[in-house]
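J.: Return atomic coordinates for the entry below.
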Amino acid sequence: MRKLLGIALLAGLVLIQGCGGGGGSSSDSAAAAPAPAAPAPSSNTIAGAAANVHPISVDSGLGGNVNLGFVSVTLCAPGNASNCQTIDNIVLDTGSSGLRVMSSALSATLALAPQSDANGNTLAECTHFVDGYTWGPVRLADLKLAGEQASSLPIQVIGVSGFPSAPARCAATGASKNSVQQLRANGILGLGMFRQDCGSACVQTNNRGIYYGCTATACAQTPVPLAQQVQNPVAMFAVNNNGVIIQLPAVPAGGAARLAGSLVFGIGTQANNGLGAATVVGVDPGTGNFTTSYNGGSYSASFLDSGSNGLFFQDNIPVCPNSSAAPGFYCPAATLDTSAVIQGANGANASISFSIGNASTLLAAQPTFAAFGEFGGSFVANSFDWGLPFFYGRNVYTAIEGAATPAGAGPYVAF
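T.: From the prediction side, this is the model:
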């Protein structure tokens, strides 16, 4: 599962990753060696302006968001470099794969080619989240990020006027997230460790209610070849295509108004994207998960996710009431300084120190701030979601499945 939360609504959008099966990392926490302390977050800079570097902004975006990184994307009609549009306020999410863009954000003159299923019907996708869904057709676009390009990239276009309504299985997921007001962004750029957003499960007839073939009036589930599924665009770059690095500065206690960082394409492919002394954490190749040991518990379905706006895990820390500025987040009486151990499927271990503050108090003190390192909240059992606060002051690497890197083939994460 992948988590994307908005501070105002606390509507936890958890993407159901369709790429694999198992129940988490294969690491054995009982036999793990003592974990060395990971390097403390710092504002270390690894990349300046370059063809493989794209700017990130942590700001309030379109809806008063907190702890979400945004990027802009340039979309062109396939093969037509003169018909392009740049769209901002796209959430950067390493917990999913593929680009999803609101129809309302697209120019009427940007002609994106529709995809069809094997029967010639329009291909559509239902993206499942824990409390809702996005629905819309799959179309082709040429995507440009910095000096990189993914040509004829399948993307999801959300909330298309006049398109058939979401099928019952899709709508049953929860609330619609098919407008800018509901999603509070113009889209999501998923740069996770998987090449497609579903994978082999959707090549089969039973595709988990994700892909549909649509006539003018109705839609039915349909199998989809890998090449037609919504793709991780980095895997389609000509170079620098084995993963990404997110670099964000550290955040002081009490928060920051805004942050500027870098999205670096490639791992070990250029002088500006080497692994250096980063700790490489192996993950379950089917789920992308590793194990976190925290407060006597072992959470095998743990993950790093830039699309989550806090650190989410199970604890008995008091939760902010619904009447507060941060309902659902943790609200301890005093800031909690604690730590957890990340354990990789490859035997790597790292001790991570972090703090959980009173989210309501923090917001009340700085209502216009967009970055807080002490935000946390409760999450599902067996999971520890290391959201965007983990990324502050670190260079965080996400290696794509099957791609060669200096540390071996992905998938893995490193920091």
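J.: Mind listing the residues bridging to the spatially closest residue to Tyr412 that is not a sequence neighbour?
T.: Nearest non-adjacent residue to Tyr412, counting by Cβ to Cβ, 6 or more residues apart in numbering: Ala399, 4.8 Å away. In short, each C-beta sits where N, CA and C put it, glycine included. Counting by DSSP bridges, Ala399 forms beta bridges with Gly243, Tyr412.
J.: residue contacts, Ala399?
T.: Residues in contact with Ala399, defined by Cβ atoms under 8 Å, 6 or more residues apart in numbering, are 193, 242-243, 267, 405, 407, 409-414.
J.: how close does it get to Gly120?
T.: Separation of Ala399 from Gly120 (Cβ to Cβ, to the nearest Å) stands at 37 Å.
J.: Then Phe415?
T.: Using Cβ to Cβ, we find Phe415 at a distance of 46 Å from Gly120.
J.: More neighbours: which of these two?
T.: Between Phe415 and Gly120, counted using other Cβ atoms under 10 Å, Phe415 has the larger neighbour count: 22 against 8.
J.: measure stretch 180-199 end to end?
T.: Stretch 180-199 has an end-to-end distance of 27 Å (criterion: Cα to Cα, to the nearest Å).
J.: Let me see the contact set for the nearest residue to Arg258 once chain neighbours are set aside.
T.: Excluding its sequence neighbours, the residue lying closest to Arg258 (Cβ to Cβ, 6+ apart) is Asp59, at 4.8 Å. Asp59 sits next to 65, 70, 258-259, 370 when contact means Cβ under 8 Å, 6+ apart.
J.: So what does Asp59 have for phi and psi?
T.: phi -150, psi -170 (degrees, to the nearest 10).
J.: And the spatially most central residue of the chain, how far from Pro367?
T.: Geometric centre of the chain, nearest residue: Asp93, 2.3 Å, by Cα atoms, centre = their mean. Applying Cβ to Cβ, the value for Asp93 to Pro367 is 25 Å.
J.: try Asn273
T.: Distance from Asn273 to Pro367, by Cβ to Cβ: 37 Å.
J.: Which of these two has more residues huddled nearby?
T.: For Asn273 and Pro367, the more surrounded residue by other Cβ under 10 Å is Asn273, and the numbers stand at 27 against 9.
J.: Return the residues in contact with the more buried one.
T.: Asn273 neighbours (Cβ under 8 Å, 6+ apart): 46-47, 52, 240, 245, 264-267.
J.: got any ranges where the stretch 251-400 of the chain has weak pLDDT?
T.: Low-confidence segments of the stretch 251-400 of the chain (pLDDT under 70): none present.
J.: Helices of that one, residue ranges please.
T.: 359-365, 388-391 (DSSP state H, counting those that start in this stretch).
J.: So for Ala108, which of those sits nearest?
T.: Ala108 lies closest, by Cβ to Cβ, to one member of those: helix 388-391, at 33.7 Å.
J.: And the closest one, what does it pack against?
T.: strand 349-356 (3 or more Cβ pairs under 8 Å, 6 or more residues apart in numbering; DSSP states H and E).
J.: Leu388: which of the contacts of Asn273 is nearest?
T.: The closest of the contacts of Asn273 to Leu388 turns out to be Ile245 (Cβ to Cβ; 14.7 Å).
J.: part of a strand, is that closest one?
T.: Yes: under DSSP: H, G, I helix; E, B strand; the rest coil, Ile245 sits within a strand.
J.: Relative to Gly296, how far out is the residue lying closest to it once chain neighbours are set aside?
T.: Take Ile245 and drop its neighbours on the chain: the residue closest to it by Cβ to Cβ, 6+ apart is Val264, 4.1 Å away. Val264 is 37 Å from Gly296, where distance means Cβ to Cβ.
J.: so what secondary structure elements neighbour the helix or strand where Thr74 lies?
T.: According to DSSP states H and E, Thr74 maps onto strand 69-77. If contacts are counted by 3+ Cβ pairs under 8 Å, 6+ apart, strand 69-77 sits against strand 53-58, strand 80-93, strand 97-102, strand 132-145, strand 187-191.
J.: of all these, which lies closest to Gln156?
T.: For those, the distance to Gln156 is smallest for strand 97-102, at 4.4 Å, taking Cβ to Cβ.
J.: Pass me the low-pLDDT residue ranges in the stretch 101-250 of the chain, would you?
T.: Using pLDDT under 70, the flagged stretches of the stretch 101-250 of the chain are 130-131, 206.
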